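Participant: the sequence isn't on hand, but the structure is:
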């Protein structure tokens, strides 16, 4: 019985370590990208960055997937419980809450991302109907910035 508790605790610690490691990896990659732009003489702040709402979508997807994987991982617990334990249909029960809560939060973040999206104002090049190559755009941004 004691070993089961230790295994469950180690599983939770592993899940949290993977999640935090993923966040650290994203920050490291963003740092490397900025440093590469600076070494090529491009000001990273002058580049058109996606709106901050992209982070909301990313956070929603990550949270939803963590919740989904926890829900799927905790579902077999219902088959290990004694038959005297009352359970809902389809073997659902309170042991699924650690997975269902982040699943619901992730879905709410994704829905709020799509509800906040308004019409994007067209840029000057799009209004004129001409498309410029990316290198020309970067050079123009570098000269102006």
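Facilitator: Received, thanks. Computed from a prediction, not measured in an experiment: that's the story for all the values here.

Participant: so residue 53 is in contact with residue 115, correct?
Facilitator: No. Taking contacts as Cβ atoms under 8 Å, residue 53 lies outside contact range of residue 115: 10.6 Å. (Each C-beta comes from the backbone N, C-alpha and C, glycine too.)

Participant: out of the two, which sits in the busier spot?
Facilitator: residue 53 (13 against 8; other Cβ atoms under 10 Å).

Participant: could you check how far that one is from residue 23?
Facilitator: 18 Å (Cβ to Cβ, to the nearest Å).

Participant: residue 44: neighbour count?
Facilitator: Look at residue 44: counted by other Cβ under 10 Å, it has 13 neighbours.

Participant: tell me the spacing between it and residue 89.
Facilitator: 54 Å.

Participant: list the contacts of stretch 54-64.
Facilitator: The contact list for stretch 54-64, computed with Cβ atoms under 8 Å, 6 or more residues apart in numbering, reads 19, 22, 102-103, 105-110, 112-113, 116.
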